[in-house]
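> here you go, sequence then predicted model.
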Amino acid sequence: MHFKFRTIDMNTKCSCCSSIEKSTKNDLTSHWNKTYNREIQKLGWYEDNPEQSLKLIEKCKLNKDASILNVGSGASTLIDELVKLDYKNIIANDLSSNALDKLKERLGNDSSKIKWIVDDLTQSTELNNLVEIDLWHDRAVLHFFNEPEEQNCYFDLVRKLVKKNGYVIIASFNLDGAEKCSGLYVFRYNKEMIQKRLGSDFELIEAFDHTYTMPSGDTREYAYTLFQRKN
Ligand SMILES: C[S@@+](CC[C@H](N)C(=O)[O-])C[C@H]1O[C@@H](n2cnc3c(N)ncnc32)[C@H](O)[C@@H]1O
């Protein structure tokens, strides 16, 4: 079953995005590629400083050669920060090649330090061939997967890729969060729901709610979670 061609309801203007077109599209890859044609700093999830993620990554006390997979990376500044912190094995994934191109452009020469993977988390062809990783990081990606099959593929991939003693950071809209982002309906989580989906092999290390202020000044409620896979 293919999910790239679900209907996207773009008829309600979404405050995540500055210039939503009034149209019905059915191609998520082109939706996300178009989204990143806009000025990155104006996107509704843009962070100058991804401090909540960095705080959780610090807790993992990873070696500098640990493999860190940032899924649905977009043009996130987290990658810049990980390079500055001298992590040597960073993998950036996204469905949108346009998003990753924007990020590569910003990183300049440092872009050669990153492994780039354009792939769909819900029907992976490349990510599932990776060797096991030390850290899975997701901010604002999981909640776009509304269909049980998409969620199953996502969590199967987490379980396939994360090493024993490895870590999973997932930051999703929480149960008080918005119903839509980027014109798309979202499926919201709390820490218990994420724990249930990961399974008992993963232990919750830390969780907190965070109110993120968008460039527009609106706010979005997130649930941040850090899990460790048991040995
Ligand atoms: C709201 S943005 C968040 C971007 C980034 N994580 C951040 O915090 O700035 C969601 C990202 O998920 C990506 N995405 C959506 N569906 C995806 C999929 N099926 N596989 C991989 N990436 C996906 C989008 O292209 C977009 O970059």
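Alright, I've got the coordinates.
> could you check how far stretch 140-157 is from the centre of its chain?
11 Å (Cα atoms, centre = their mean, to the nearest Å).
> what's in contact with that stretch?
1, 3, 6, 45, 71-72, 121-124, 127-128, 170-173, 177, 181, 184-189, 197-198, 222 (Cβ atoms under 8 Å, 6 or more residues apart in numbering). No exception for glycine: its C-beta is placed from N, CA and C like everyone else's.
> sec struct for residue 93, please.
Following DSSP: H, G, I helix; E, B strand; the rest coil, the label given to residue 93 is strand.
> distance of it relative to residue 200?
Distance, residue 93 to residue 200, using Cβ to Cβ, to the nearest Å: 26 Å.
> neighbour count winner among the two?
For residue 93 versus residue 200, the count of surrounding residues by other Cβ atoms under 10 Å is larger for residue 93: 23 against 8.
> pretty sure the more buried one sits against residue 114.
No - contact between residue 93 and residue 114 fails when scored by Cβ atoms under 8 Å: they sit 10.5 Å apart.
> what does this structure put close to the ligand?
Counting by Cβ under 6 Å from any ligand atom, the positions of the chain adjacent to the ligand are 32, 45, 72-74, 76, 93-96, 99, 120-122, 139-141, 144, 181-182.
> quick one: which of those sit in strands?
Using DSSP state E, the members of the residues of the chain next to the ligand that fall in strands are 93-94, 139, 181.
> against which helices or strands is the helix or strand harbouring residue 82 packed?
Under the criterion of DSSP states H and E, residue 82 resides in helix 78-84. Secondary structure elements in contact with helix 78-84, counted by 3 or more Cβ pairs under 8 Å, 6 or more residues apart in numbering; DSSP states H and E, are helix 51-60, strand 67-71, strand 89-94, helix 97-107.
> quick one, which of those gets closest to residue 39.
helix 97-107 (10.0 Å; Cβ to Cβ).
> how big is the angle separating the closest one from strand 67-71?
Here helix 97-107 points in a direction 130 degrees away from that of strand 67-71 (axes from the mean of the first three to the mean of the last three Cα atoms, to 10 degrees).
> so for helix 97-107, mean pLDDT?
Helix 97-107 carries an average pLDDT of 98.
> likewise for stretch 192-208?
The average pLDDT within stretch 192-208 is 98.
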